[in-house]
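# Make a model of this:
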Amino acid sequence: MSTELMLAVTVVLAPFNVLKQPHPKVLLESAITRLPDILSYAVSIGLIDALSKKCMKIREPIEAHQSVVLSVLACLGLLTKFTDVCPKNSSSSKLLSVVKSTELFGTISLLYATIVPVGEKIPPRTVSVAASAFNLILTIANLDLDVFQSIMGQESLLLQYLDVVTILLKYCGPKTNENRETQAVIVDLVATLGFLCANNKQNQNRFISDQSSVILKSLSKLPKSFDIVVYPTLLCLTCDNDGAKNVIGKEFDLKLIEDYEKSDSGKKNKMLMLLHSNSKENNKSNK
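Here you go, the predicted model:
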């Protein structure tokens, strides 16, 4: 599938994003009715799988290859759009089956191949790829948290993810004021950490280990403007976990984090709403 065609399909799908864009009632109803068929068809003909393989084929840095970068960006954009418009019901099962079989559409392996060999001096096109990849990962986590956490529970995949996160925080963290893409990388990257640890004690404990201490230190050095995403993530890291609170309390003021949770912004935060709703469900099931 050519880069131009991927971009064209992404544009065509834009009106179907019924959750974010207002439309006349007729178009809205039409979109809702046709979305499952469109997604099912895209999966059935192998389009989603083919797009995933484009990401999975990348085995080395691609900064010097502009056409490859553009193709990967178009691919990530189209996969993000398909995931973004996917209804959160039974019709998502076919798409999620590809998410599982390709390990998040190959995004983690793509990030690892393009970023880790480069180190902390990440060139601009690679930053763009990272921003698009983390946006896709976050969109998957929003679609189905259980599937996201299950896939990321694989040790090798999680270690690759942690390596990428560590490097990006070191590189992009100090440069968040330079351009929007470094900001976008940090915002979506930090949010994926929160979704990964939401109501998941095993993952919480991974991030308070000595191995991951550098990630917490990097989060503590981010500008105050990022508190709006850092605080929800830290609340996911510490929820019902006293050990995590003790560790994170060494780098952050827990009182400020708790105050954010009680604030109007905290009450409206999607990550925290998901955290609390899942926590209530778990409490009911344990009774």
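
# Low-confidence regions, the stretch 151-287 of the chain specifically.
For the stretch 151-287 of the chain, the stretches flagged by pLDDT under 70 are 278-287.

# can you give me the helices for it?
Taking DSSP state H, counting those that start in this stretch as the criterion, the stretch 151-287 of the chain carries its helices at 155-172, 180-197, 201-207, 213-220, 227-238, 242-248, 254-262, 264-268, 270-286.

# Output these in a markdown table; the columns should cover distance to Leu47.
Any C-beta I mention is one placed from the backbone N, CA and C, and that applies to glycine too. Below are the helices of the stretch 151-287 of the chain laid out as a markdown table (distance: least, C-beta to C-beta, whole Å):
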| stretch | distance to Leu47 |
| --- | --- |
| helix 155-172 | 24 |
| helix 180-197 | 24 |
| helix 201-207 | 32 |
| helix 213-220 | 35 |
| helix 227-238 | 32 |
| helix 242-248 | 41 |
| helix 254-262 | 41 |
| helix 264-268 | 36 |
| helix 270-286 | 29 |
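
# Would you mind giving the ones you listed as CSV with mean neighbour count and distance to Val69 added?
Shown next, in CSV, are those (neighbours: other C-beta atoms under 10 Å; distance: least, C-beta to C-beta, whole Å):
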stretch, mean neighbour count, distance to Val69
helix 155-172, 18, 17
helix 180-197, 22, 13
helix 201-207, 17, 31
helix 213-220, 17, 26
helix 227-238, 24, 26
helix 242-248, 16, 37
helix 254-262, 14, 37
helix 264-268, 12, 36
helix 270-286, 14, 30
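
# How are the strands of the stretch 51-200 of the chain distributed by residue range?
Counting by DSSP state E, counting those that start in this stretch, the stretch 51-200 of the chain forms no strands at all.

# Relative to Ile215, how far out is Leu95?
Using C-beta to C-beta, to the nearest Å, we find Leu95 at a distance of 30 Å from Ile215.

# returning to that earlier point: do you know which of the helices of the stretch 151-287 of the chain lies nearest Ser91?
Of all those, it is helix 270-286 that lies closest to Ser91, at 20.4 Å by C-beta to C-beta.

# wait, Tyr171 sits on Glu120?
Yes - taking C-beta atoms under 8 Å as the definition, Tyr171 is a contact partner of Glu120 at 4.7 Å.

# So which residue is dead centre in this protein?
In the chain, the residue lying closest to the centroid (C-alpha atoms, centre = their mean) is Leu138, at 2.1 Å.

# got a list of what the nearest residue to it once chain neighbours are set aside touches?
Nearest non-adjacent residue to Leu138, counting by C-beta to C-beta, 6 or more residues apart in numbering: Asp188, 4.8 Å away. Neighbouring residues of Asp188 by C-beta atoms under 8 Å, 6 or more residues apart in numbering: Ala131, Phe134, Asn135, Ile137, Leu138.
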